[in-house]
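# below is the sequence, then the predicted model.
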Amino acid sequence: MGTLLIRPPGHRRDVALRPAATAMVWIGEGHPHETIAVPGVALGDGDVLVAVELSTICGSDVHTVQGRRSAPTPLVLGHESVGRVIATGDVGATTVDGTPVRIGDRIVWSVTVSCGSCDRCDGGLPQKCRTLGKYGHDRIGVHGDLAGAFASHVQVRAGTAIVRAPESLPAAVLAPASCATATAWAAVARAAREHDLDGAVVRIHGAGLVGLSAAAIAVEQGATVEVLDPNPRRRALATRFGAGCGHRDPDVVIEASGHAVVEALDGVATGGIVVLVGSVFPADPVPFDAESAVRRLVTIAGVHNYTGADLADAVAFLAGRGRAYPFAEAVGEVRQLAAIDDALAAASAPDAPLRIGLIPGR
């Protein structure tokens, strides 16, 4: 498959790749991925080139290939990844904590690319930047071909939140941090802005990786957590992430299934907060009883993606108290990148593991 080569404006540093990088390009529903070779990249001043260690398949990747969410084609899917820096632009990049990114650093990075200067970025919403870019969601071409995680390399662009990854953590723990864990952290943090979690009862709908991560995070902040899911195997797994039984109506409800919004709104206690996690949608429209929400003083908040600080906090959690939980077991299978179509089919199965990993092969 060939792509139209468009050199982005501005100063660029050409980096040759020998052997060439490999990217798996999705061209539309019902079509297998096509493999392209990328012999080089043009790095902007603040860009970073990363050799992928492991990428994982998120539910949104499955939704895309199934035609359940729209996406421009052709594109390289994937946005959960961990890798090692092999080149930088002439100016270089910095991590979320302000330290320079160096060649050889092991890093994770945000799903979003933000300008840092628009009203939304200035207002603390970089994940909703006016000129937002997203890895694994944007058509290849303008920003090069290495624009998604299902590749041997990713061109991490200026405006991306970068977090240095501990060498001691398994790749299976770190790759999902850039979506599932960071989103879960953002959801719990949003709830904590309205209600002290120490001693609170938290109910989580959905025992996918976002829901399970949120359970562990909330437990470590002092909450009693219950996780509801129709799958008995997932409910059993939730106990290993700290879930138990709530002893009263929940102060906080986190809806992470995409299918229990009405139950979440009906079940929260008076004065409580419901956090709707948008990473699991699209979902069907639901009826909303505004009078009930008003009379019960219910706060409803939406969380979609996360900030760089959320990603940094999520990685710190995984490297610290999160070690007590079986995050490393979330990746139930690891396959070669070239087998991406089979891997996506396996990830869509009812009994699929929480994540299936992909590793570049030569």
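Yes, it's here. Numbers count the residues shown, from 1 in each chain.
# got the buried residues for stretch 97-107?
Within stretch 97-107, the residues that count as buried by 16 or more other Cβ atoms under 10 Å are 101, 105-107. From N, CA and C alone the C-beta is placed, and that goes for glycine too.
# residues making contact with that stretch?
Under the criterion Cβ atoms under 8 Å, 6 or more residues apart in numbering, residues 48, 50, 53, 82-88, 92-95, 156, 162-167, 312 lie in contact with stretch 97-107.
# which among those residues end up buried?
Judged by 16+ other Cβ under 10 Å, buried ones among the contacts of stretch 97-107: 48, 50, 53, 82-83, 85, 87-88, 93, 95, 156, 162-165, 312.
# now the two most distant members of these.
87 and 312 (23.2 Å; Cβ to Cβ).
# quick one on the thing from earlier: out of the contacts of stretch 97-107, name the ones that lie in strands.
Using DSSP state E, the subset of these located in strands is 48, 50, 53, 82-88, 156, 162-164.
# run through the bridge partners of the residue lying closest to residue 228 once chain neighbours are set aside.
Among residues not flanking residue 228 along the chain, residue 205 sits closest, at 5.2 Å (Cβ to Cβ, 6 or more residues apart in numbering). Going by DSSP bridges, residue 205 is paired in beta bridges with residue 228, residue 255.
# what's the neighbour count on residue 205?
25 (other Cβ atoms under 10 Å).
# and whichever strand or helix holds residue 314, what's buried?
Following DSSP states H and E, one finds residue 314 within helix 308-319. If you call a residue buried by 16+ other Cβ under 10 Å, then helix 308-319 has these buried ones: 308-315, 317-319.
# what's that helix packed up against?
strand 106-113, strand 160-164, helix 171-174, helix 180-194, helix 209-220 (3 or more Cβ pairs under 8 Å, 6 or more residues apart in numbering; DSSP states H and E).
# closest one to residue 331 among the ones you listed?
Using Cβ to Cβ, the nearest of those to residue 331 is helix 171-174, at 3.9 Å.
# so what secondary structure elements neighbour the closest one?
Counting by 3+ Cβ pairs under 8 Å, 6+ apart, helix 171-174 packs on strand 48-56, helix 308-319, strand 355-359.
# contacting residues around that helix?
Contacting residues not belonging to helix 171-174 are listed as 53-54, 56, 82, 108, 165, 315, 318, 327-331, 334, 355, 357 [Cβ under 8 Å, 6+ apart].
# re the thing from before, can I get the helices and strands packed on helix 308-319 in a markdown table including mean pLDDT and distance to residue 70?
Output for those, formatted as a markdown table (pLDDT from 0 to 100; distance: least, Cβ to Cβ, whole Å):
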| stretch | mean pLDDT | distance to residue 70 |
| --- | --- | --- |
| strand 106-113 | 98 | 17 |
| strand 160-164 | 98 | 23 |
| helix 171-174 | 98 | 29 |
| helix 180-194 | 98 | 20 |
| helix 209-220 | 98 | 22 |
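# can you list those in JSON lines and add distance to residue 137?
JSON lines is the format used below for those (distance: least, Cβ to Cβ, whole Å):
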{"stretch": "strand 106-113", "distance to residue 137": "8"}
{"stretch": "strand 160-164", "distance to residue 137": "13"}
{"stretch": "helix 171-174", "distance to residue 137": "21"}
{"stretch": "helix 180-194", "distance to residue 137": "15"}
{"stretch": "helix 209-220", "distance to residue 137": "18"}
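# remind me which residues of this protein are low pLDDT?
The model of the chain has pLDDT under 70 over residues 1-10, 279-283, 362.
# for the residue most central in space within the chain, give me its contacts.
Among the residues of the chain, the one closest to the centroid is residue 179, at 1.1 Å (Cα atoms, centre = their mean). Counting by Cβ under 8 Å, 6+ apart, residue 179 makes contact with 58, 79-80, 111, 279.
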